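J.: please work out how this folds:
(one chain, ligands or ions: 1)
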Amino acid sequence: MEQLLQQIKNYKQEVAEYTAANADAVEEFRIKYLGTKGIVKSVMGEMKSVPNESKKEFGLILNEFKQFVETKFEELKNNNSLHIAQHSDGIDWSLPGDDFGVGTRHPLIIVRNQIVSIFKRLGFAVAEGPEIEDDWHNFGSMNLPEDHPARDMQDTFYISQNPSWLLRTHTSSVQARVMEKQKPPIRVICPGRVYRNETISARAHCFFHQVEGLSVDEHVSFADLKQTLYFFVQEMFGKDIKVRFRPSYFPFTEPSAEMDISCLICGGSGCNVCKHTGWVEILGSGMVHPKVLENFNIDSNKYTGFAFGMGIERVCQLKYRVNDLRLYSQNDVRFLRQFTGAV
Ligand code: PHE
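T.: Sure, this is the predicted structure:
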C-alpha cells in the first residue's frame, strides 16, 4: 500500500513537470499515461491487490490521479496549439484555407476524350501527326489532284517562309503518316486540330478539331463502316439516336458518304441547329480510295479500308448546345466553368 501511494505521488510529480514542445510530445504523453498499456491503466490494475477495507479510500486516490493526468493532457493539447499559433508569424493555421479554384477540362477535350474512349473499346489505337504538314501528306497522297479547289489559297494557310509547308486542313494527313509507317491490319483514331482560311463567325472558324478514323485490313467492307459508326453514335448520344448516310464525294474515299444524326436539340421536329430538317451532319466517310492505299504500297487487291472524319465542335454543339464556335477559343471563364465536374 505504502509503496503504491508513494509511486502515485512520484507519477503526479512527473506529470506536473511534463512539458511538450510539439504535437508529437503531447501524443507521447498520451500514450505513456493514458494509452491502453499506459501508467494510469496499470495503476488502476493494482486495485485487486488492495485489501477490501481500504478499497474505497484507495479508489478515490486512484480516480483523483486519473483526473489529474487527464486535465494535464488537455492542458498540454491546448498549450500546444496556442504555441503553434504564436510561433508562426501571426498565421492561424487552424483557419479554413482559401479556395484555390480547381480548373475544369475544356468542353472540346471532354468530348474528344469520350470519342476516343468509345473507339478504343472497338480496338482502335490513337495516332497523332504534325499540325504543320507538307503538300504530300495533306493533299497529294490523299488523292487530291493538283487543281483541286481544296488546295486553293483561300482555304489553306501556307507557311510564308516555306510555301511547301502548310497548316493541315484535315486530320486525313494523319492517315498518310500512319500508312507510311504501318502495314495492315491498321485501326487508328486520330484526334487533332486543323486549320482553314475562313472568316471567323459563329458558324465558321479558322481552326477547329477533328477525329479521323482509319481501318485497313482484308475484307473490310462498307457494312463495317456503317456498323462501327452506328455503334459510336449510340454510345455517344444514346440508343434513341437515328442515323442516315447520304452519298457524297471525297477524293480519298470511293464510295463516300456523309453521316447525319437525328437532331438532338429539337428531337427531329426542326430547329435552327438542323436548319429545320431534323438532321445534323456530323461526319464524312467512305471506303479508302485504292489509289490512296497504293500511295503507301498497300496492295489494294488484297486490302480494303474505311475512313471517316468528324468535327469535334459539331458533336460538342449537340451535346452541350453551344451555338457559337467562337466561345471555344475565347477562354471566357464564365463559359469554361460550366463544364465543372465533367470528365
Ligand atoms: N477529311 C474530310 C474533311 O475534312 C473528312 C473525311 C475523312 C471524309 C475521312 C472521308 C474520310 O472534310
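J.: outline the domain layout of this protein.
T.: Domain assignment for the chain by automatic domain parsing gives 2-83, 107-339.
J.: closest to the ligand out of the ones you listed?
T.: Comparison of the domains of the chain against the ligand by CB to the nearest ligand atom identifies domain 107-339 as nearest, at 2.8 Å. From N, CA and C alone the C-beta is placed, and that goes for glycine too.
J.: could you give the mean pLDDT of that closest one?
T.: For domain 107-339, mean pLDDT is 94.
J.: that one: how far from the chain's middle?
T.: Mean-position distance between domain 107-339 and its chain equals 22 Å (CA atoms, centre = their mean, to the nearest Å).
J.: go on, stretch 62-69?
T.: On CA atoms, centre = their mean, the centre of stretch 62-69 falls 57 Å from that of its chain.
J.: also stretch 57-76?
T.: 56 Å.
J.: which residues sit against that stretch?
T.: 1, 5, 8, 11-12, 15-16, 18, 20, 25-26, 29-30, 33-34, 39-40, 43-44, 47, 50 (CB atoms under 8 Å, 6 or more residues apart in numbering).
J.: the ligand next: which of these are close?
T.: When contact is defined as CB under 6 Å from any ligand atom, the contacts of stretch 57-76 do not meet the ligand at all.
J.: which ones among these map onto strands?
T.: Among those, none falls in strands (DSSP state E).
J.: for ChimeraX, what selects the buried ones among the residues you listed?
T.: Buried residues among the contacts of stretch 57-76 (16 or more other CB atoms under 10 Å), as a ChimeraX selection:
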select :8,11,15,18,20,26,29,30,33,34,39,40,43,50
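J.: which of the contacts of stretch 57-76 fall in helices?
T.: 5, 8, 11-12, 15-16, 25-26, 29, 39-40, 43-44 (DSSP state H).
J.: mind listing the strands for the chain?
T.: For the chain, the strands defined by DSSP E occupy 125-126, 132-134, 165-167, 186-195, 207-217, 243-250, 253-262, 279-288, 304-311.
J.: check contacts around residue 316.
T.: Residue 316 is in contact with 107, 108, 111, 322, 328, counting by CB under 8 Å, 6+ apart.
J.: how about the strands of the chain, which one is nearest residue 145?
T.: Of all the strands of the chain, it is strand 243-250 that lies closest to residue 145, at 12.6 Å by CB to CB.
J.: what pairs with that closest one, parallel or antiparallel?
T.: Paired with strand 243-250 in the same sheet, following DSSP bridges, are strand 253-262 (antiparallel).
J.: could you count how many residues lie near residue 270?
T.: 15 (other CB atoms under 10 Å).
J.: among the domains of the chain, which is the most enclosed?
T.: domain 107-339 (a mean of 17; mean count of other CB atoms under 10 Å).
J.: so how far is residue 109 from residue 131?
T.: Residue 131 is 16 Å from residue 109, where distance means CB to CB, to the nearest Å.
J.: actually residue 272, sorry about that
T.: 26 Å.
J.: how about the nearest residue to residue 321, chain neighbours excluded?
T.: residue 265 (6.4 Å; CB to CB, 6 or more residues apart in numbering).
J.: spit out the contact partners of that neighbour.
T.: With CB under 8 Å, 6+ apart, residue 265 has these contacts: 271, 273, 274, 318, 321.
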